[in-house]
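1. need a structure here:
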Amino acid sequence: MKKIVVILYIVIVLCSLLPVVPVAAAGEGKIAFHSERNGNTEIYVMNADGSGQTRLTTTTSYDGQPDWSPNGTKIAFNSNRTGNSEIYVMNPDGTGQIAITNNPAIDGKPDWSPNGTKIAFNSYRDGNFEIYVMNDDGSGQARLTNNPAEDGSPAWSPDGTKIAFNSNRTGNSEIYVMNPDGTGQIAITNNPAMDALPAWSPDGTKIAFNSNRTGNPEIYVMNPDGTGQIAITNNPAIDALPAWSPDGTKIAFNSYRDGNTEIYVMNADGFGQTRITNSPTFDGEADWGIIPAIGSEIGLFRPSTGYWYFDYNLDGLFDKSFRYGGVGDQIIVGKWQGTQDGIAIFRSSSGYWYFDYNLDGMVDNSFRYGGSTDQIIAGDWNGTGRDGIAIFRPASGYWYFDYNLDGVVDKSFRYGGSTDQIIKGDWQGTGKDGIAIFRPSSGYWYFDYNIDGIVDKSFRYGGSTDQIIVGKWQGTQDGIAIFRPASGYWYFDYNLDGIVDKSFRYGGTGDKIIKGDWQGTGKDGIAIFRPSSGYWYFDYNLDGIVDKSFRYGGSTDKIIAGKWWNFELNGTGWILTDYVLNGTPGRVLSGTTITLDFGDDGRITGMSGCNYYGASYEVKGMAITIGQPWKTMRWCDFTAGDVMKQESTFLTLLSKVKNFAIEGNQLRLSDANGVTILSFVKSVP
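-> Presented below is the predicted three-dimensional model:
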């Protein structure tokens, strides 16, 4: 019996090298895995407790070995859908599947680098399995190992300085580590039995791995130098392929203890082993990823060149860049169309505004409003969900509000004076912004909740050298904070009562300050940008501790924060290509066209194949809510198929949409389980 178990275990290890032959082999976040429950190997995702199991791939070939990108926005995987094993990447909902390798030999077992820019993988292109590395788009493929034996199962360390892997170069499978360029290869296990399939813990202090040193495959953990090896499973069946939870408290793994391979989760010490899949076929190859937060992102404007640089993921890499504006321009961010943030520049010399709604570097609206000494601000003045603008003229103390971005003054009154600093906020948590002035000479604040020029609240909070900022510190109405550069201290007032609710030291003289909902929780955190070094320091939770830091920008750059990811939805038109109803894919009937147009007024309209239809819609982050559609009452009879049934299916699916994703010229709408149910291509004007 032991001989049989060992043979089965060897097969599992070989499968990590040879991905084209599938063999049965609550931290937070999502778990990707592959399963044979539909007759062939496909990739699924599920919640950490095993609920919400959703199929991502739908080919008739092998799709397996999923590996999450560090930020949770991509999944790399292996597929032989073209007749040869290649590595692909896709979005977390299964959309946007593209091959990033193209080689006659087998490529498989991808593993992302911790910064998301590289992928290590196995390849048989040299006549045996070696480890290669490439950029995340498939370019720059380079071999790291060069040995007549089999090298495979690469696993990056969390700090990116090492890659662990298994090799049988000594005649027996052992675990090795090497530098990211392939140098410094050393064995960290030395056992007559098989040691393989390494997986680093998120904090880098442990490596989980498989070993059959007791005659049965079990999961072990050890220190990164190979010391402290201990078993954390002990079961007569095969336990294999460990995968750590993002917080390092749990490990997912394969187990054959139920007579077929299922996925289990246990605590990092081996206790609390719990099955989370239950299928009569193979479920395994789990990989645990984070759920990407729809939080605030950052941007830079470089006046000397007029270029903008946007970082969508807070990873210190610019995701979009274009030229828009120049020296002397004031910059501002706003929800000009009520969904994603756009930008605007105000040219003081001419008084002209130039609005870019979609971050495409194109002027969507322009008009003259203001002059050279005016201060500018954006806010949702009438509670519509769309930002308008206002100018404050210090010389006279007058405000001029434009609610609709038409260059027309909708309201004007006197409120403040020449040395006052201005700010806006949703002071009552109603969704409607008011204004406030801060008078440095006295330290007094004056709040106008309703934009009527009347002081609704006033108190003393701060002094002449303090910088001021507004944020939803508790996720409800806006509060205020002051930053005192001389001491580096922050003082937060959550409730506009003039009382310090929290204080800590974070930053110093010369730092620029900004706020943002960095984790997508609805609560704002803070960040400082140090122009002298170009470094950002993020505090997500207002605890005075740096949660993230990277270099992005320079000494003369202006900084902004916003939610950029939702661009290109408003004001766009789309044509349906295919859909999924109850797990069954379908395509649009020949001779019929189904369209979808997102209006700037919060309504969608289109042709559903026979009738015209419409509905309301609302976007928050990457979530979208579509109201119950209405339609005209024509009857159509096409010989190509049941167009009325197709229309009914489309409108039913449309009402179930909860999220969207845009990839190039494609739009994917998904349901509450993250399954893409409607797929579109952008229509050509």
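
2. now the strands for the stretch 301-450 of the chain?
-> Counting by DSSP state E, counting those that start in this stretch, the stretch 301-450 of the chain has strands at residues 307-311, 320-323, 329-334, 342-347, 352-356, 365-368, 375-379, 388-393, 398-402, 411-414, 421-425, 434-439, 444-448.

3. Show residues contacting the fifth one.
-> Residues external to strand 352-356 that are found in contact with it (Cβ atoms under 8 Å, 6 or more residues apart in numbering): 324-325, 336, 342-347, 362-370, 389, 405, 407. (C-beta placed from N, C-alpha, C; glycine too.)

4. can you put the strands of the stretch 301-450 of the chain in CSV and add mean pLDDT, distance to residue 536 and mean neighbour count?
-> Output for these, formatted as CSV (pLDDT from 0 to 100; distance: least, Cβ to Cβ, whole Å; neighbours: other Cβ atoms under 10 Å):
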stretch, mean pLDDT, distance to residue 536, mean neighbour count
strand 307-311, 92, 9, 20
strand 320-323, 90, 17, 13
strand 329-334, 96, 17, 18
strand 342-347, 96, 19, 23
strand 352-356, 96, 23, 20
strand 365-368, 97, 31, 14
strand 375-379, 97, 23, 19
strand 388-393, 98, 27, 23
strand 398-402, 98, 33, 19
strand 411-414, 98, 37, 14
strand 421-425, 97, 22, 19
strand 434-439, 98, 25, 23
strand 444-448, 98, 28, 20
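
5. Those into a markdown table, with extra columns for distance to residue 671?
-> Formatted as a markdown table, these follow (distance: least, Cβ to Cβ, whole Å):
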| stretch | distance to residue 671 |
| --- | --- |
| strand 307-311 | 29 |
| strand 320-323 | 29 |
| strand 329-334 | 31 |
| strand 342-347 | 28 |
| strand 352-356 | 32 |
| strand 365-368 | 35 |
| strand 375-379 | 34 |
| strand 388-393 | 35 |
| strand 398-402 | 39 |
| strand 411-414 | 43 |
| strand 421-425 | 36 |
| strand 434-439 | 38 |
| strand 444-448 | 43 |
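
6. so which of those comes closest to residue 539?
-> The closest of the strands of the stretch 301-450 of the chain to residue 539 is strand 307-311. By Cβ to Cβ, the value is 17.2 Å.

7. just how off-centre is the closest one within its chain?
-> Averaging C-alpha positions (Cα atoms, centre = their mean, to the nearest Å) puts strand 307-311 18 Å from its chain's average.

8. and if you look at stretch 60-74?
-> Worked out by Cα atoms, centre = their mean, stretch 60-74 lies 15 Å from the chain centre.

9. going forward can the numbers begin at 13, since that is how I track them
-> Yes, from this point I'll number from 13; that puts the last item at stretch 72-86.

10. Identify whichever of the strands of the stretch 313-462 of the chain lies nearest to residue 307.
-> Using Cβ to Cβ, the strands of the stretch 313-462 of the chain put strand 319-323 closest to residue 307, at 12.0 Å.

11. contact partners of that closest one?
-> Outside strand 319-323, the residues touching it (Cβ under 8 Å, 6+ apart) are 309-314, 329-337, 355, 371, 373, 564-565, 576.

12. Now, of those, which are buried?
-> For the contacts of strand 319-323, a neighbour count by 16 or more other Cβ atoms under 10 Å gives the buried set as 309-314, 330, 336-337, 355, 371, 564-565, 576.

13. and which of the residues you listed is nearest residue 522?
-> Closest to residue 522, out of all of the buried ones among the contacts of strand 319-323 and judged by Cβ to Cβ, is residue 565, at 13.8 Å.

14. Now do the same contact list for residue 66.
-> Contacts of residue 66 (Cβ under 8 Å, 6+ apart): 56, 57, 58, 685, 686, 687.

15. what's the pLDDT at the fifth one?
-> Model confidence at residue 686, given as pLDDT, is 73.

16. That one against residue 103, yeah?
-> No - with contact defined as Cβ atoms under 8 Å, residue 686 and residue 103 do not form a contacting pair (10.1 Å).

17. in what helix or strand does residue 665 lie?
-> For residue 665, the host element (DSSP states H and E) is helix 655-666.

18. Give me the buried positions along that helix.
-> So, applying 16+ other Cβ under 10 Å, buried residues of helix 655-666: 655, 656, 658, 659, 661, 662, 663, 665, 666.

19. For that helix, give the mean pLDDT please.
-> pLDDT averaged over helix 655-666 gives 91.

20. Stretch 201-208 now?
-> 94.

21. neighbouring contacts of that stretch?
-> Counting by Cβ under 8 Å, 6+ apart, 21-22, 25, 28, 165, 178, 184-187, 221-226, 232, 234, 238, 241 sit against stretch 201-208.

22. repeat that with 6 Å
-> Applying Cβ atoms under 6 Å, 6 or more residues apart in numbering, the external contacts of stretch 201-208 come out as 25, 178, 185, 186, 187, 221, 222, 223, 224, 225, 238.

23. partner residues bridging the residue nearest to residue 514 when sequence neighbours are not counted?
-> Excluding its sequence neighbours, the residue lying closest to residue 514 (Cβ to Cβ, 6 or more residues apart in numbering) is residue 504, at 4.4 Å. On the basis of DSSP bridges, residue 504 is bridged to residue 493, residue 514.

24. tell me the contacts of residue 504?
-> Contacts of residue 504 by Cβ under 6 Å, 6+ apart are 485, 493, 513, 514.

25. make it 8 Å
-> Neighbours of residue 504 in contact, by Cβ under 8 Å, 6+ apart: 485, 491, 492, 493, 512, 513, 514, 515, 554.

26. Now do the strands in the stretch 463-612 of the chain.
-> Under DSSP E, counting those that start in this stretch, the stretch 463-612 of the chain gives strands at 469-472, 479-483, 491-496, 501-505, 514-517, 524-528, 537-542, 547-551, 560-563, 570-574, 585-593, 596-599, 607-610.

27. So for residue 143, which of those sits nearest?
-> Of all the strands of the stretch 463-612 of the chain, the one in closest proximity to residue 143, counting by Cβ to Cβ, is strand 560-563 (28.0 Å).

28. Can you list the strands that the closest one pairs with?
-> strand 547-551 (antiparallel).

29. what's the closest of the buried ones among the contacts of strand 319-323 to residue 139?
-> Checking the buried ones among the contacts of strand 319-323 against residue 139 by Cβ to Cβ gives residue 330 as the nearest, at 40.8 Å.

30. quick one: low-confidence parts of the stretch 513-662 of the chain?
-> For the stretch 513-662 of the chain, residues meeting the criterion pLDDT under 70 lie at 577-584, 612-613, 632-634, 649-653.

31. Residue 158 contacts residue 142, correct?
-> Yes - counting by Cβ under 8 Å, residue 158 touches residue 142, with 6.6 Å between them.

32. More neighbours: the two, which one.
-> Comparing residue 158 with residue 142 by neighbour count (other Cβ atoms under 10 Å), the higher total belongs to residue 142, at 23 against 12.

33. how close does that one sit to residue 197?
-> The gap separating residue 142 from residue 197 is 12 Å, by Cβ to Cβ, to the nearest Å.

34. what residues are shared contacts of these two?
-> residue 157.

35. quick revisit: so which of the contacts of residue 504 is the most crowded?
-> Greatest neighbour count in the contacts of residue 504, by other Cβ under 10 Å, goes to residue 493: 27 neighbours.

36. and residue 571, what does it touch?
-> Residues counted as contacts of residue 571 (Cβ under 8 Å, 6+ apart) are 310, 311, 312, 524, 526, 541, 565.

37. hmm, try it at 6 Å
-> Counted by Cβ under 6 Å, 6+ apart, residue 571 has contacts 524, 526, 541.

38. Who does the second one form a beta bridge with?
-> Legend: beta-bridge partners of residue 526 under DSSP bridges are residue 539.

39. Alright, that wraps it up for me.
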